[in-house]
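1. Got a predicted model here, sequence first, then my questions.
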Amino acid sequence: MREEQSNKPSQKKKNDPKKPWFWPVVYVGFSVVFVGMIWGYNVFVSTDSAEKSEWTDASKTDKVTIETNAKAESMKYPFKETMLDNVEIVQHYYDMEADEATREKSLVVFKQSYAMSTGVSLSMNNEPFEVVAALSGKVEEVNLDPFEGDEIVLSHANGMQTKYRSVTGILVKVGDVVEQGQSLATSAENEWNPNAGVHLQFEVLENGVLINPESLLAF
């Protein structure tokens, strides 16, 4: 009997599930699951970021960059600045506060009728010259008019518009985004203002109202 009783404790030890290797195996199992979760999360985040990058519209980024740069620009001449000494104003913007001589030079004469100039008429010895964008912007209109002269209208990030009339050989189309100084066309003649000869009629609008271009540029 004593022998049977002394053998019972040893029998319990043999049947005890809590072996020395039990808890290490459990820890390893949890570690594998945890590492797997981290790996899966990283894969998900990387894939999601890649998809967002893939669907980023580069044209919108470019547009924002162009608009930001354009807002910082100052208006320049609508011709190459190296031509400044050769270009003259044959007609000024009609300003009611200007002196009489300037106002007289700001009238457009057509068949014995007079009209006030809404911009400045620029000429270079009656020779064609390259017309360029005074500011970066977008081409809003291209109007073909053999009487008053073909015209390009640009809108700008600062809210202004510039008009380039009496041109030929137009190089842009509606919807084009142009940079400051980019070539737009070539100056030409028109029937409406024959006395100006080959010239560019340059106009500026601020909030939809015509203003004197000479107030922005030192012609």
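-> Here it is on my side, so go on.
2. quick one: the strands in the chain?
-> Remark: strands assigned in the chain by DSSP state E are 88-91, 107-110, 113-116, 120-123, 130-132, 137-143, 150-155, 160-168, 177-178, 183-187, 200-206, 209-211.
3. Mean neighbour count and mean pLDDT added to the ones you listed, as JSON lines?
-> Heads up, the C-betas are built off the backbone N, CA and C, glycines and all. Listed next are the strands of the chain as JSON lines, based on neighbours: other Cβ atoms under 10 Å; pLDDT from 0 to 100:
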{"stretch": "strand 88-91", "mean neighbour count": "17", "mean pLDDT": "92"}
{"stretch": "strand 107-110", "mean neighbour count": "14", "mean pLDDT": "74"}
{"stretch": "strand 113-116", "mean neighbour count": "10", "mean pLDDT": "79"}
{"stretch": "strand 120-123", "mean neighbour count": "23", "mean pLDDT": "96"}
{"stretch": "strand 130-132", "mean neighbour count": "21", "mean pLDDT": "98"}
{"stretch": "strand 137-143", "mean neighbour count": "17", "mean pLDDT": "98"}
{"stretch": "strand 150-155", "mean neighbour count": "20", "mean pLDDT": "98"}
{"stretch": "strand 160-168", "mean neighbour count": "22", "mean pLDDT": "98"}
{"stretch": "strand 177-178", "mean neighbour count": "18", "mean pLDDT": "98"}
{"stretch": "strand 183-187", "mean neighbour count": "22", "mean pLDDT": "98"}
{"stretch": "strand 200-206", "mean neighbour count": "22", "mean pLDDT": "97"}
{"stretch": "strand 209-211", "mean neighbour count": "13", "mean pLDDT": "95"}
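4. Okay, domains of the chain per the record?
-> 2-45, 70-215 (automatic domain parsing).
5. just to revisit the earlier point, is it possible to export the strands of the chain to CSV including distance to Ala101?
-> As requested, the strands of the chain are exported to CSV (distance: least, Cβ to Cβ, whole Å):
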stretch, distance to Ala101
strand 88-91, 13
strand 107-110, 12
strand 113-116, 15
strand 120-123, 16
strand 130-132, 28
strand 137-143, 32
strand 150-155, 29
strand 160-168, 24
strand 177-178, 36
strand 183-187, 25
strand 200-206, 21
strand 209-211, 21
